[in-house]
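K.L.:
need the 3D shape of this:
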Amino acid sequence: MKISPEQVAKVARLARLDLPQDKLELFAGQLGDILGHMDKLGELDTASVEPMYSPVEHTTVLRADEARKEHGRDEVLANAPGHDGQFFIVPRIV
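P.N.:
Reported below is the predicted structural model:
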């Protein structure tokens with residue numbers, strides 16, 4: 001597929017990009033090459049290929065999301081600059 005420098009300029013304007021004329025011609029050629037490759041891929045018969053969302057298998061490396069109590073209230077409040085034994089005391093912000 002051929003794309004013209006005018007089409008590239010229109011897209012650049014929509015993206016609020018100010019491109020010089022030499023860049024418009026360069027990008028028109030590059031985008032034309034990319035679209036040509038996409039056309040070639042579109043010619044392939046993929047009827048027997050099962051769709052997938054990713055070409056690699058993803059496994060989670062994170063731990064299970066389990067609620068657990070690791071620190072007691074006294075341990076947490078021990079590091080606070082101010083507390084009343086039950087809650088953090090912070091400066092009032094209005």
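K.L.:
list the buried ones in the helix ranked longest in the chain?
P.N.:
Of all segments of type helix in the chain, defined using DSSP state H, the longest is helix 21-42. Of the residues in helix 21-42, those scored as buried under the neighbour-count criterion (16 or more other Cβ atoms under 10 Å) are 24, 27-28, 31-32. Using the backbone N, CA and C atoms, a C-beta is placed for each residue, glycine as well.
K.L.:
need the contact list for the residue lying closest to Ala12 once chain neighbours are set aside.
P.N.:
Excluding the flanking residues, the one nearest Ala12 by Cβ to Cβ, 6 or more residues apart in numbering is Leu19, at 4.8 Å. Under the criterion of Cβ atoms under 8 Å, 6 or more residues apart in numbering, the contact list for Leu19 reads 8-9, 12, 27.
K.L.:
ok, now Pro5?
P.N.:
For Pro5, the set of contacting residues under the criterion of Cβ under 8 Å, 6+ apart consists of 21, 24-25, 27-28.
K.L.:
can you lay out these as a markdown table showing distance to His37 and pLDDT?
P.N.:
Conversion of these to a markdown table gives the following (distance: Cβ to Cβ, whole Å; pLDDT from 0 to 100):
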| residue | distance to His37 | pLDDT |
| --- | --- | --- |
| Gln21 | 25 | 92 |
| Leu24 | 21 | 94 |
| Glu25 | 19 | 93 |
| Phe27 | 16 | 95 |
| Ala28 | 15 | 95 |
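K.L.:
quick one: which of these is nearest to Tyr53?
P.N.:
Compare each of those with Tyr53 using Cβ to Cβ and the shortest gap goes to Phe27, at 30.3 Å.
K.L.:
so the closest one sits against Gln7, correct?
P.N.:
No - Phe27 is beyond contact range of Gln7, at 9.9 Å (criterion: Cβ atoms under 8 Å).
K.L.:
ok so, going back, how about the contacts of Leu19 in CSV, adding secondary structure and distance to Gly42?
P.N.:
Formatted as CSV, those follow (DSSP: H, G, I helix; E, B strand; the rest coil; distance: Cβ to Cβ, whole Å):
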residue, secondary structure, distance to Gly42
Val8, helix, 22
Ala9, helix, 26
Ala12, helix, 26
Phe27, helix, 22
